[in-house]
Structure formats: structure tokens, C-alpha cells
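Enquirer: sequence first, then the predicted structure, then my questions.
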Amino acid sequence: MLLIVSLLVIFFIIGTPIYIALSLPSFISILSCGYDGMVTVQRFFGGIDRFSLMAIPFFIFAANVMGRGGMSKRIIALAEVFLGRLYGGTAIATVVACLLFGALSGSSPATVVAIGGIAYPMLLNNGYSKKFSTGTVAAASSLAIIIPPSITMIVYASTAGCSVGDLFIAGIVPGLVTGLIFAAYCYYHARKNDICSHIRYTWAEKIKALKECSWALGVPIIILGGIYGGIFTPTESSTVATIYAIFVAMFIYKEMGIKELIETCYRSALTTAQVMILVSAAGTLSWVLTVNQVQEIFSELISGLMTYPWIVLLIINMILIFAGMIMDAVPFTLLLTPLFLPIFQELGYSPIHLGMLITVSGALGMYSPPFGLNIFVGMGTFKEPFSMIARAVLPFIILGVISMLLVTFVPELSLFLPRLMKM
């Protein structure tokens, strides 16, 4: 156990690629325990041999098609037309656009590229500083993880044995609450610095923007409506969403041809491979930790605190925040779910509640230094250095922690809609 932790810390400090930092300690531990080295290979393939994970490549493909096919610019245009005249209107429109695009794609990095490439120049042109603009886009793009569909939720469901559909519907309220917190800060910042657009849009322009965006807004309706209407499963919904996105991009908006579609397929395949190797490596390490009874050791360490659930929840929150700072949402979901799920159930909490806590903390980790993926994606999108973006997201990290605490200590935020749907 000490060897695994030591190797993990060393690999993270020296900047080893995450899949190597997760898989190499597993391999060494398996050999040191007397197992055959082939066990590592078996666990690698076993980690991705789950039916629910089939949805991931299709949602990644759909997200890339939506970003390339003109949906993102119509979403940001719709949000700007309706919200642009308010104090902080363009910034609030950016938050809303990230929510809407997240409801189409489920991918936080894709949202940084698709929305950030359009919203960032708009924010600058409307008087916002580079620091505030980059921070807003990098943080608000993380909402794509919380609002359904979400790749992180799919990974959690496959690990915890939960319903993907229940997790999707549970993410709606936490996603909206987090977005509302971000929007309130945008309003406060604009009011404090007297930033307000003087452009006024007519109702004709608003209706036109709504019509142009209506095809894009059909994706979440298809996904959630199809799942809860009993038409198809969450995995099947990902393929339907992909086909719909291709149809809209190629034949309605006509911003994607065969060449662009092939390029999108290639980029989606690369992203899928990156996600799946992380899932395999994290799944293998999770198995090693289970064999070494780490879950039992952790449970014994906090057994004396079980009569004080709020202290246990705070400890779990701190571990999740730290894990999000050094690890992507997918691997830390696979690693920490088996550790925390028995404790949550012993405290009488729902696995869906834990799923939303892990998802919200994963969103926070996407823009938390030093390894927040949105920061690195933003460096390429905004052409700004790491240090500037890392400072820019600090206020939003505080807001993200507030959202995380709300989800932790107000379980009904996550459980209200799933219970309502089952009535």
C-alpha cells in the first residue's frame, strides 16, 4: 500500500502522463504480490468491458460534431440576444451557453473550445478583462460535466452499479444551481466595474435566434425524453444523438461536409482512446487497492467519526477537492467510488447522491490548478499562459466549492427529480 501511494505521488510530482502514473504502480504491485504479469493486461481490458461505457465514444463524437457543425455559435448567439443587455449580460450569456452546450455534448474540454472560441472575443469586445474572460469560460465550461448527458456520470454508473438515467436526471438541479452561482458572480463583477452592453435586440431578432438554435436544442430533448419515455436506453440515446447531430450539421446548418466529418471522426477516435486508456488504468489501480483492502482500512480509520456524518462528509469533500487538483474526473471517479460508496451507504445516503457529489467535484477539478484540463485547453484556445488562466479561475474555485458543499449537505438537490420521475 505504501509503495503504491509513494509511486503515485512521485509520478504526479515529476509530471508523468496520468495513464502511466496510474498503471505502472498497479503493475509493480501486482508483481510484488506474486501475481502473474498477465493479470495487469486482464484488468486493463476488464476495466472497459462494461456495456454502459459504450455510450462514451458516441457522446464524444456527437460533441465534436456539434462544435464543428455550427451549433455552438448559434447557442452563444441565442444567449447573447436574450441576456446581453443586462449588467454582466455577455458573461451570463457565456455561462448559459456553456450550460446549453454541455446539455448537448457532456464534454468540458469540448465546451472550452466550442464556446470559448466564440465567447472569449465577445467578452473582450464588451469591456471585460482578459483575466475575467478566461476564468469565466474555463470555469463555466465545467458545467458540461454536471448537466446531463455527462461522461463522468456514465463512468460512475458503471462503477457503482447505478442507473445512468437516474444520474442524468439528478444532474439537472445541481447543474442549474452551479450555473446560477456563476451567473450571480458575473452580475456582481459587472455591476462593480460598470460593465453593461448598450445594444438592444428587437423581438424579431430574438425570435430569429431562437429559430436558428431550435435544431441544436433538440439534442437534450431527444436524450432525456427518449430515456424517460422508454424509447431507448442511455447507450442507445448516445447513438441517436450522434446521428441527429450529423444530420443537423450536414443538412440543416450545412456547415459540415464529408471531409470535415472524416476529420471529426479521427479527432473523436483519438479522444476516445485517451479516455478509455485512463478508464483502463484507473480501473486496474482500483482493483489493486481493493485486493489490498484499502477500502476496509479507510473505513476503520474513520469508523470513530461515523456518529458525526457531517465530519465524514467534510473529509470526503477535502479528498475529492485534492484529487480533482491532480487528476482528471474519469480516473478519480473510478478510484474513489469504491472507497466512498460503502461509507455513504453506511451513513444512509443514496448512491445517486454520492454520484452527484463526485460529478460536481470532478467539474471543480477541471479548472483547478495545477492539472485542471480546462486550463490547458484554454491555453490553446485563448493563446494565454498557464499562470494567467490559473489566477483567473481562483474566484470560480471558491464558487465551485460553495456549490459542492450545497450538493453535499442538501441531498434533495440531487434526489428530488429522480424521486419525482418515479412517482
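Expert: Noted; the coordinates are in hand.

Enquirer: and stretch 315-324, average pLDDT?
Expert: Over the span of stretch 315-324, the pLDDT mean works out to 88.

Enquirer: for stretch 25-33, that is, sorry about that
Expert: Mean predicted confidence for stretch 25-33 is 76.

Enquirer: okay, buried residues for that stretch please.
Expert: For stretch 25-33, a neighbour-count test (16 or more other C-beta atoms under 10 Å) marks 25, 26, 27, 29, 30 as buried. Just so you know, the C-beta spots here come from the backbone N, C-alpha and C atoms, and that holds for glycine as well.

Enquirer: just the ones of those in helices?
Expert: Mapping those onto helices (DSSP state H) picks out 25, 26, 27, 29, 30.

Enquirer: output those as CSV; include the columns distance to residue 324.
Expert: Output for these, formatted as CSV (distance: C-beta to C-beta, whole Å):
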residue, distance to residue 324
25, 20
26, 21
27, 25
29, 24
30, 27
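
Enquirer: could you single out the nearest of these to residue 62?
Expert: Set against residue 62, the nearest of these by C-beta to C-beta is residue 26 (31.8 Å).

Enquirer: name the nearest residue to residue 249, ignoring sequence neighbours.
Expert: Nearest non-adjacent residue to residue 249, counting by C-beta to C-beta, 6 or more residues apart in numbering: residue 69, 2.5 Å away.

Enquirer: okay, the one you found: pLDDT?
Expert: 80.

Enquirer: ok, it - how many residues close by?
Expert: Residues near residue 69, counting by other C-beta atoms under 10 Å, number 28.

Enquirer: state the distance from it to residue 107.
Expert: Distance, residue 69 to residue 107, using C-beta to C-beta, to the nearest Å: 15 Å.

Enquirer: do residue 382 as well
Expert: Taken as C-beta to C-beta, the span from residue 382 to residue 107 is 18 Å.

Enquirer: so these two - more neighbours on which side?
Expert: Neighbour count, other C-beta under 10 Å: between residue 382 and residue 107, residue 107 has more, with 29 against 22.

Enquirer: next up, the contacts around the more buried one.
Expert: Each residue near residue 107 by C-beta atoms under 8 Å, 6 or more residues apart in numbering is listed here: 59, 60, 63, 144, 151.

Enquirer: ok, now with 7 Å
Expert: For residue 107, the contact set (C-beta atoms under 7 Å, 6 or more residues apart in numbering) comprises 60, 63, 144, 151.

Enquirer: quick one: the last one and residue 421, what's the gap?
Expert: Same thing as residue 151. Using C-beta to C-beta, we find residue 151 at a distance of 22 Å from residue 421.

Enquirer: for this structure, what's the longest helix?
Expert: When the chain is parsed with DSSP H, its longest helix is helix 258-291.

Enquirer: quick one: buried residues of that helix?
Expert: So helix 258-291, judged by 16+ other C-beta under 10 Å, has buried residues 261, 264, 268, 271-272, 274-289.

Enquirer: same check, this time on stretch 237-253
Expert: 237-242, 244-246, 248-250, 253.

Enquirer: mean confidence for it?
Expert: Across stretch 237-253, the average pLDDT comes to 87.

Enquirer: ok, residues contacting it?
Expert: The contact list for stretch 237-253 (C-beta under 7 Å, 6+ apart) reads 55, 58-59, 61-62, 65-66, 68-70, 215-216, 218-219, 222-223, 226-227, 232, 255-256, 261.

Enquirer: thinking again about what came up before, from the contacts of residue 107, which land in helices?
Expert: 60, 63, 144, 151.

Enquirer: and stretch 152-167, end to end?
Expert: 10 Å (C-alpha to C-alpha, to the nearest Å).

Enquirer: contacting residues around it?
Expert: 50, 52-53, 55-56, 145, 168, 171, 227-228, 234, 279, 329-330, 333-334, 337-338, 341, 351-352, 355, 358-359, 362, 418.

Enquirer: quick one: buried residues of that stretch?
Expert: Neighbour-count burial for stretch 152-167 flags 152-160, 162-167 (criterion: 16+ other C-beta under 10 Å).

Enquirer: nearest to residue 186, of these?
Expert: Once C-beta to C-beta is applied, the member of these that ends up nearest residue 186 is residue 152, at 24.5 Å.

Enquirer: any idea how far the closest one is from residue 415?
Expert: Distance, residue 152 to residue 415, by C-beta to C-beta: 18 Å.

Enquirer: go on, residue 210?
Expert: Distance, residue 210 to residue 415, using C-beta to C-beta: 33 Å.

Enquirer: which one of the two is surrounded by more residues?
Expert: Neighbours were counted for residue 210 and for residue 415 using other C-beta under 10 Å; residue 415 has more, 18 against 14.

Enquirer: wait, that one touches residue 354, no?
Expert: No: under the criterion of C-beta atoms under 7 Å, residue 415 makes no contact with residue 354, lying 11.2 Å away.

Enquirer: may I see the buried residues of stretch 118-128?
Expert: Here stretch 118-128 shows 118, 119, 120, 122, 123, 124, 126, 128 as buried, counting by 16+ other C-beta under 10 Å.
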